[in-house]
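[1] sequence and predicted structure below; questions after.
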Number of protein chains: 2
Amino acid sequence: MKFANYAKKYLPKINKEIQLIFNRKLEKVNNAFLKDYYSELKDYFLAGGKRIRPLMCIASYNAFNGEREDQILKASIGTEFLHNASLIHDDIIDKDDFRRGKPSFHYRFRQYHAKYQLKKMVARDFGNNLGILGGDSAFFFGLEAYLSNEYDDASNIRGIRLYEQAYHEVCDGVLIEIDMVNKKDLSISDYIEMISLKTGALIEKSVLIGANYARVEEKYQKLLSIYAINLGIIFQIIDDILGTFGDEKVTGKPTDGDIREGKKTALLIGARNTLKGAELTRLNELIENQEMTDFDVQEVRELFKSADVINSSKHLALKYYEGAKAALNELKLVIKESELEFFDDLLNFVYDRTF
Amino acid sequence: MKFANYAKKYLPKINKEIQLIFNRKLEKVNNAFLKDYYSELKDYFLAGGKRIRPLMCIASYNAFNGEREDQILKASIGTEFLHNASLIHDDIIDKDDFRRGKPSFHYRFRQYHAKYQLKKMVARDFGNNLGILGGDSAFFFGLEAYLSNEYDDASNIRGIRLYEQAYHEVCDGVLIEIDMVNKKDLSISDYIEMISLKTGALIEKSVLIGANYARVEEKYQKLLSIYAINLGIIFQIIDDILGTFGDEKVTGKPTDGDIREGKKTALLIGARNTLKGAELTRLNELIENQEMTDFDVQEVRELFKSADVINSSKHLALKYYEGAKAALNELKLVIKESELEFFDDLLNFVYDRTF
């Protein structure tokens, strides 16, 4: 089944499970502020998102087993909670006030502060503080995925272990990225290591969680891992390209953020490894600037173009595309055709996406 | 066994288990910045703390069973991780740069930023960002308590459920407290509801986790709950007193923070319910001030004294002392004598503590 059809089939069901978790909490809450908080969190979760991680978890389960679709739906949303929890905290860290064209979670509470004219705390702090708690809440709500299904305890314990590992790997990736901002001589392999953790790990754990409940043999789990990590790497490389050269109206994200923060994207590392002499010196000068003007950002963009980094990044992504494809080829003989098509189509979707 | 002796017996063992979790991670880490990060986190965890929550978990287990001391030690540290994770995030929220007389976790990374003269990010943001991640890491490390012991899966799943519930209740308490800052007419019962969640819930879950592994009958779990929530309430009331009238050298915390933030402590709510006329008006005026001077803080302190809030708060705590004592009396017949003595002595310790 094509990715779009798979999404069409499962997205409403995934969203229903997410909704269920928040509704269970909201039913028990009386305090007006708590009601606002959990409603905001629910609304944030349901405001959008491609649900790639739950879809991959479901597909990985269905590819081998598929017996209890109702139950894998419940277990599939754990990594989506983890993903969104990380995004809530990342948006505070990166000072991103918008995501997918909508206010980020902490920004919603900055608006809330203004709306109710709260006194004792300034709006920015209030927003960030509620954002810290919001992310924390979401990390814990994610555990519900493994605590409120009908699978046996041993499978759920393994699920929770994968959930825990996923977080630690994502965190390591984010930490390495923070550290990289202060480093110059970085190779593409440093970058790949970082994004394998930051983006690849959670996608990998999503398919492994599906495989866990389907009791997939270890050798096939290994292949699913390779496919998923490669997909994650491609996802991030394309994300880097779109983050600077995408269409803001389509991506919903400003295209100057990465450059301003000096983020070590595929573009920046690629440009530094390609440019020479005056161009390289100028690029480094611009990036090290604490406060970049719009002109500075535009100049960086031009230097990127001069280094032809869009093409070299696409070329880099192609290597991982082929790695994912090879793993998928080996899985061909053991997984269901509809899921093979899903994984194959998803790979193309991620590689070609413009949003 | 007296609380001090119980602590003496188990504290080194508890710390060893905490250390083990960080060492396992550190062994696997190569990146220099990750090494610094996890070493800092380990150091922060081992820098101090009374370990009341693990001790209560162990005592609750030993009171009924005690067969597998090596295993309950592992399971006991979950709530200590949750506690410290919350503290790390709370210290960012409350802008507390010190805790127990030592730098708070986010402040350590503000110092780290200065030490390495990092460029792209300002020191305050760098510290806060690492603090957000540090708390998140700690929440997940806490899961290890239930994933790396030898108890059966069903018990561990119940342990994780209690861990999850604990977080949500603590979070609800913190949220209600944030909301209360902007409210005037609050009763003591609003306050008690808030601290039952903010402080009581995690202490309650600590004994319930011990009881879970000891397979304690539900009626006795109920009594343990009552004891622990009451203890938590006393703990917080005394904390409020010490937070404003304690000896900074002994508590390691500045005594102007709560007043400056307009925190709804037992003292402030008590004073508002006692003072009348000009004194009440003046108190409200002072507290609503965004930026309080040292003189303002001192004046609030004088108004608190005029309202005799230390005594009334102590009197309030006494009610919960008696509640805890009554629950303990009912448990007398079924729990071991050494743990009965521990719980009884702990109650006195918490009620009389000056640090």
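    Yep, it's here.
[2] could you use CA atoms for every contact and neighbour count after this?
    Noted.
[3] where does chain A have low pLDDT?
    Scanning chain A for pLDDT under 70 picks out A:120.
[4] which bits of it sit near chain B?
    A:31, A:33-34, A:89, A:93, A:118-121, A:125, A:129, A:132-133, A:136-137, A:140-141, A:143, A:147, A:153-154, A:156-157, A:161, A:164, A:167-168, A:171-172, A:175-176, A:179, A:181-182, A:261-262, A:288-290 (C-alpha under 8 Å from any C-alpha of the partner chain).
[5] among these, which are in helices?
    A:33-34, A:89, A:93, A:125, A:129, A:132-133, A:136-137, A:140-141, A:143, A:147, A:153-154, A:156-157, A:161, A:164, A:167-168, A:171-172, A:175-176, A:179, A:261, A:288 (DSSP state H).
[6] circling back: are any of the residues of chain A next to chain B buried, and which?
    With burial judged by 16 or more other C-alpha atoms under 10 Å in any protein chain shown, the buried subset of the residues of chain A next to chain B is A:33-34, A:89, A:93, A:118, A:120-121, A:125, A:129, A:132-133, A:136-137, A:140-141, A:143, A:147, A:153, A:156-157, A:161, A:164, A:167-168, A:171-172, A:175-176, A:179, A:181-182, A:261-262, A:288.
[7] roughly how far apart are A:Leu175 and A:Phe105?
    As for A:Leu175, its distance to A:Phe105 is 21 Å (criterion: C-alpha to C-alpha, to the nearest Å).
[8] hmm, I was thinking of A:Gly66
    35 Å.
[9] of these two, who's got more company?
    A:Phe105 (31 against 18; other C-alpha atoms under 10 Å in any protein chain shown).
[10] would you list the phi and psi of that one?
    Main-chain dihedrals, A:Phe105, degrees, to the nearest 10: phi -60, psi -50.
[11] does it touch A:Ile88 like I think?
    Yes. Contact criterion C-alpha atoms under 8 Å: A:Phe105 and A:Ile88 qualify, at 6.0 Å.
[12] A:Phe304 and A:Asn273 touch, don't they?
    No. Using C-alpha under 8 Å, A:Phe304 is not in contact with A:Asn273; the gap is 11.1 Å.
[13] more neighbours: these two, which one.
    Set A:Phe304 next to A:Asn273 and count neighbours by other C-alpha under 10 Å: A:Phe304 wins out with 22 against 15.
[14] that's a helix at that one, yeah?
    Yes. Under DSSP: H, G, I helix; E, B strand; the rest coil, A:Phe304 falls within a helix.
[15] name the nearest residue to it, ignoring sequence neighbours.
    A:Ala271 (5.8 Å; C-alpha to C-alpha, 6 or more residues apart in numbering or on different chains).
[16] and A:Lys219, backbone torsions?
    phi -60, psi -30.
[17] burial of it, as a residue count?
    Using other C-alpha under 10 Å, A:Lys219 has 10 neighbouring residues.
[18] over to A:Asn5?
    When neighbours are counted by other C-alpha under 10 Å, A:Asn5 comes out with 11.
[19] how close does it get to chain B?
    Distance check for A:Asn5 against chain B: by C-alpha to the nearest C-alpha, to the nearest Å, it reads 35 Å.
[20] element containing that residue?
    helix A:3-28 (DSSP states H and E).
[21] list the buried ones in that helix?
    In helix A:3-28, counting by 16+ other C-alpha under 10 Å, buried: A:Phe3, A:Tyr6, A:Ala7, A:Tyr10, A:Leu11, A:Ile14, A:Asn15, A:Glu17, A:Ile18, A:Ile21, A:Phe22, A:Leu26.
[22] for the first one, which non-adjacent residue is closest in space?
    Translated: A:Phe3. A:Phe3 sits nearest to A:Phe342 (C-alpha to C-alpha, 6+ apart), 5.0 Å away.
[23] backbone dihedrals for the residue lying closest to A:Lys263 once chain neighbours are set aside, both of them.
    Among residues not flanking A:Lys263 along the chain, A:Val181 sits closest, at 5.9 Å (C-alpha to C-alpha, 6+ apart). Phi and psi for A:Val181, reported as degrees, to the nearest 10, are phi -60, psi -30.
[24] so what's A:Val181 up against?
    Residues in contact with A:Val181 (C-alpha atoms under 8 Å, 6 or more residues apart in numbering or on different chains) are A:Glu261, A:Gly262, A:Lys263, A:Lys264, B:Lys120.
[25] ditto for A:Tyr107
    A:Tyr107 neighbours (C-alpha under 8 Å, 6+ apart): A:Asp97, A:Phe98, A:Gly127, A:Asn128.
[26] so which residues of chain A form strands?
    Using DSSP state E, the strands found in chain A span residues A:98-99, A:102-103.
[27] hey, what's in contact with both of A:Phe304 and A:Asn273?
    What both A:Phe304 and A:Asn273 touch, as defined by C-alpha under 8 Å, 6+ apart, is an empty set.
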